[in-house]
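K.L.:
prediction below, plus the sequence it came from.
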Amino acid sequence: MKKKKIIIRILIIIAAVIALAATIAYFVLEPEKPWLAFYIACCGGVLVVNFILSIIFVNKNFKGKQ
């Protein structure tokens, strides 16, 4: 169970860092290049959704020591 918690914690941290980076990039690029800012924000959102799905599947299917 310890490995499962470590993996989930790492995935949550990575998802949070990507969400923060996408948000910052959006607000930095938005005045100059609004379409590029929107594209980067959408790409970051897709990555965060993928990590959330990974967390769900790890919770459901991880076979550690029981």
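P.N.:
All right, it came through fine. Residues are numbered from 1 along each chain as shown.

K.L.:
low pLDDT regions in this protein?
P.N.:
For the chain, the stretches with pLDDT under 70 are 1, 63-66.

K.L.:
quick one, helices of it?
P.N.:
Secondary structure of the chain (DSSP state H): helices at 2-29, 34-61.

K.L.:
just send those helices back as CSV, with mean neighbour count too.
P.N.:
In short, each C-beta sits where N, CA and C put it, glycine included. CSV is the format used below for the helices of the chain (neighbours: other C-beta atoms under 10 Å):
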stretch, mean neighbour count
helix 2-29, 14
helix 34-61, 14
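
K.L.:
wouldn't I18 be in contact with F51 here?
P.N.:
Yes: at 7.3 Å, I18 counts as touching F51 under the criterion of C-beta atoms under 8 Å.

K.L.:
surely A21 meets G44?
P.N.:
Yes: proximity of A21 to G44 meets the contact threshold set by C-beta under 8 Å, at 6.6 Å.

K.L.:
can you name the residues that contact S54?
P.N.:
L11 (C-beta atoms under 8 Å, 6 or more residues apart in numbering).

K.L.:
let's go with 10 Å and repeat that
P.N.:
By C-beta atoms under 10 Å, 6 or more residues apart in numbering, the contact set of S54 is 7-8, 11, 14-15.

K.L.:
so I7 is in contact with F51, correct?
P.N.:
No: if you go by C-beta atoms under 10 Å, I7 and F51 don't touch, sitting 11.4 Å apart.

K.L.:
fine by me, we can end here.
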